[in-house]
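Peer 1: below: sequence and its predicted model.
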Amino acid sequence: MKGVLRLALVVAVLVGGGCSGVPRSSRPEVVRTIVGHESSAAAELAPKPRDEPRSIVSGFLSAAVSSDARHSGSRQFLTADAGGKWQDSAVTILNDYQVQLPDTRGDTSTVTVTGQRVGQLDARGIFTPELKDVGVGEMQSFSFGLIRTNGEWRIDHLQPGVLIKKADFQAYYSARPIYFFDTTESILVPDLRYSALRDEGLAEWMMSQILAGPRPELAQTVQNEVPDQVDPRRVTVKITDHITIELPGASQIDGLGRQRLAAQLAYTLGAIPFSSPSLTLTDSGQAVDIPTIGTMFNAVKFPGLGPDSVQPAVQPYYLRGGGLISGVDDKPVPGLVGSGGYGLTSVALRRAPRGDLRVIGVAVDKLYLGSSSGPLSKVDLPRGGVGRPDWLPRSSSAFVGVGQAIYRIGDNGRPTQVSVPSTLGGGLSAGDILALRFSPDGVRLAVLLRGVDGTSAVWLGSVVRAANNISIENLEPVTPVALAVTDVTWSDATNLLLIGTRPGDEQRVWSVQSDGSYLQPRDIGGLPRGLQGIAAAPGQDPLVATAGPAIWVQTGVGWGSLTGTEQTVGYSPTFAP
């Protein structure tokens, strides 16, 4: 039996979240990391008596990939005073680094480390990307001061935080979604964090993140099912053949609240690599019953709550000659919409409760709304460039960008301008919104914005619902301006696919996580030049439109024709959930 792991967080107040009937409160402050287990590679590192200053600094940096208790491996290379003061909670990720030759004068020495920043992790594992160039910043210097004590060199002065290479970040750190419910409490929303912890340390850390609540950008759009009054110091995680969470007061939560709490725990902790994904919730050592499920549960017990829950009716579509074509049989949908009577240039679709297909389509500078069986109604919009529209998931509302404004289109066909932060386009000259893309959970909106100077970037905002009003808050860029993006889509609730071009390179398909991490080109084997549009959906192979026009689908060995013929003629691909 593995031991009980106690959550020793320093938390000011538990974040607003809550079960049914439990009041919500303010956001916490987490001020330290959680104990974990060191990697076998880093555990072998230790300073040697004859190590020179440069070797000491190199050893310190190499040991930093370890996730042991407070980076004890790295602290071996520090003086006792520096080891007591050094704050290791933040992580700076460099594309690579070089340890320069030391400047040694007697018993003191200075070693400079240089590298280009690609991102930063804060104490909660939240990633912030570098947006200069194509995700790689300018060369930076980090200074380490050393002294010789008892004949051995040790680091006595250094900046707070850990420095690691991008390769080590990718090798040792994993994305760990922390799940919270959306404000309607109908679907779980992933909040990406990164950790190098494993096993017990990882389970403890992930539970601490649930207790601490969502990242600031999601504070208005999600809620925590953990009661506010829970004392995190009394919460424990015990691992045997399953995971047991001792949560004082859990038995007092009403039945629906216990179900939601169990779902949140199951999706978060059940993703830990482990022999069994099952969990049990206890209160004062007694198993808590989850209505309709029992005392043992996992994510499978909560179908349909995951943000990427696949709907069997999801099908591909695209345009040809201004008409809507089904990707299942490469035939026009019945009616005027399929025949090309509206001359559509881009389209977004959703399946209505009755099964009919709802269409929001652009024809150059006009917007049409209605059923695929027709007729469509023209939407009266202010003058300006009309971007590619999208439907808000689990809603009857469509959204479209006109210039730099966003409009919500209801069933009545009337546009209502949506409130957005004044920072939208802050890094670009005033231009146009090229496309809007909602995440599958409906909590985030990707905005593709192009400046008048031709630069473009993907911005990500939070969808805030208040009564009958919807606003977009906390819009921040997630791709660098140097990467010229021409289209964007979501492949799942945490990953975006882009069509983009970096300076001096050909146009490619790129992927990036919703927090801006892991920006990287994808394989384009089999795709001709002239990428023009991209579409994806959870559980579906992505589609790309190229000049021609033609539609291509990603396969296990590259890209091929969607319908199996030599060429599938079409443009503006999309999926209808």
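Peer 2: It's in. Being a predicted model, the structure only gives us computed values, none of them experimental. Residues are numbered from 1 along each chain as shown.
Peer 1: sheet partners, orientation included, of the helix or strand hosting residue 111?
Peer 2: In the assignment (DSSP states H and E), residue 111 maps to strand 108-121. Strand 108-121 sits in its sheet next to strand 91-99 (antiparallel), strand 103-105 (antiparallel), strand 127-129 (antiparallel), strand 139-149 (antiparallel), going by DSSP bridges.
Peer 1: pull the distance from the first one to the chain's centre.
Peer 2: Chain-centre distance of strand 91-99: 23 Å, with Cα atoms, centre = their mean, to the nearest Å.
Peer 1: cool, and the longest one?
Peer 2: Per Cα atoms, centre = their mean, the displacement of strand 139-149 from the mean C-alpha position of its chain is 34 Å.
Peer 1: same question, the third one
Peer 2: On the basis of Cα atoms, centre = their mean, strand 127-129 sits 10 Å off its chain's mean C-alpha point.
Peer 1: name the residues of that strand that are buried.
Peer 2: 127, 129 (16 or more other Cβ atoms under 10 Å). For the C-beta atoms, the positions are set from N, CA and C on the backbone; glycine is no exception.
Peer 1: neighbouring contacts of that strand?
Peer 2: Applying Cβ atoms under 8 Å, 6 or more residues apart in numbering, the contact partners of strand 127-129 are 118-122, 135, 192, 194, 478, 480, 513, 515-517, 519.
Peer 1: how deep is residue 196 tucked in, by neighbour count?
Peer 2: Residues lying near residue 196 (other Cβ atoms under 10 Å) number 28.
Peer 1: I'd guessed it sits against residue 173; true?
Peer 2: Yes. With contact defined as Cβ atoms under 8 Å, residue 196 reaches residue 173; the gap is 4.9 Å.
Peer 1: can you list the domain ranges for this protein.
Peer 2: According to automatic domain parsing, the chain comprises the domains 4-36+197-301, 40-172, 478-577.
Peer 1: and the ones you listed: which comes nearest residue 348?
Peer 2: Set against residue 348 and scored by Cβ to Cβ, those come closest in domain 478-577, at 5.9 Å.
Peer 1: quick check: mean pLDDT of that closest one?
Peer 2: Domain 478-577 comes out with an average pLDDT of 93.
Peer 1: then stretch 416-423?
Peer 2: 86.
Peer 1: what comes up buried for it?
Peer 2: Using 16+ other Cβ under 10 Å as the test for burial, stretch 416-423 gives 418, 420.
Peer 1: ok, residues contacting it?
Peer 2: 399, 405-410, 461, 470-476.
Peer 1: which members of those residues are the farthest-apart pair?
Peer 2: Farthest pair in the contacts of stretch 416-423 (Cβ to Cβ) is 410 and 476. Separation: 27.6 Å.
Peer 1: out of those two, which sits in the more crowded spot?
Peer 2: Using other Cβ under 10 Å, the more surrounded residue of residue 410 and residue 476 is residue 476, with 18 against 14.
Peer 1: so which of the domains of the chain comes closest to residue 332?
Peer 2: Closest of these to residue 332 is domain 478-577, at 10.8 Å (criterion: Cβ to Cβ).
Peer 1: buried residues in stretch 83-102?
Peer 2: For stretch 83-102, a neighbour-count test (16+ other Cβ under 10 Å) marks 83, 86, 88-89, 91-95, 97, 99, 102 as buried.
Peer 1: again with stretch 72-82
Peer 2: 72-79, 82.
Peer 1: of those, closest to residue 162?
Peer 2: Closest approach between these and residue 162, by Cβ to Cβ: residue 74, at 7.4 Å.
Peer 1: ignoring the adjacent residues along the chain, who's closest to the closest one?
Peer 2: Spatial nearest neighbour of residue 74, excluding adjacent residues (Cβ to Cβ, 6 or more residues apart in numbering): residue 63 at 4.4 Å.
Peer 1: residue 403 too?
Peer 2: Nearest residue to residue 403, sequence neighbours excluded (Cβ to Cβ, 6+ apart): residue 384, at 3.6 Å.
Peer 1: count of neighbours near residue 335?
Peer 2: Neighbour tally, residue 335, other Cβ under 10 Å: 16.
Peer 1: quickly note the distance from it to residue 342.
Peer 2: In this view, residue 335 and residue 342 are 11 Å apart by Cβ to Cβ, to the nearest Å.
Peer 1: ditto for residue 192
Peer 2: Distance of residue 192 to residue 342, given as Cβ to Cβ: 39 Å.
Peer 1: more crowded one of those two?
Peer 2: For the pair residue 192 and residue 342, the greater number of neighbours falls to residue 342 (23 against 20), based on other Cβ under 10 Å.
Peer 1: give me every residue that touches the nearest residue to residue 293 once chain neighbours are set aside.
Peer 2: Spatial nearest neighbour of residue 293, excluding adjacent residues (Cβ to Cβ, 6+ apart): residue 301 at 5.1 Å. Shown in contact with residue 301 (Cβ under 8 Å, 6+ apart): 262-263, 266, 290, 293.
Peer 1: and if you look at residue 572?
Peer 2: Contact partners of residue 572, counting by Cβ under 8 Å, 6+ apart, are 318-319, 344-347, 388, 533, 545.
Peer 1: residue 235: which of those is nearest?
Peer 2: The shortest approach to residue 235 among these belongs to residue 388, at 45.3 Å (Cβ to Cβ).
Peer 1: touching, that closest one and residue 436? I think so.
Peer 2: Yes. If you go by Cβ under 8 Å, residue 388 and residue 436 touch, sitting 6.9 Å apart.
Peer 1: pull the distance from stretch 501-509 to the chain's centre.
Peer 2: Taking mean C-alpha positions (Cα atoms, centre = their mean), stretch 501-509 and its chain are 23 Å apart.
Peer 1: circling back: could you redo the domains of the chain as a markdown table and give each row distance to residue 457?
Peer 2: A markdown table is the format used below for these (distance: least, Cβ to Cβ, whole Å):
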| stretch | distance to residue 457 |
| --- | --- |
| domain 4-36+197-301 | 17 |
| domain 40-172 | 8 |
| domain 478-577 | 5 |
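Peer 1: between the ones you listed, which one is nearest to residue 362?
Peer 2: domain 478-577 (8.9 Å).
Peer 1: what about the closest one, how long is it end to end?
Peer 2: Terminal residues of domain 478-577 are spaced 26 Å apart (Cα to Cα, to the nearest Å).
Peer 1: cool, and stretch 483-494?
Peer 2: In stretch 483-494, first residue to last residue: 20 Å (Cα to Cα).
Peer 1: off-centre distance for it?
Peer 2: Relative to the chain's own centre, stretch 483-494 is displaced by 12 Å; criterion: Cα atoms, centre = their mean.
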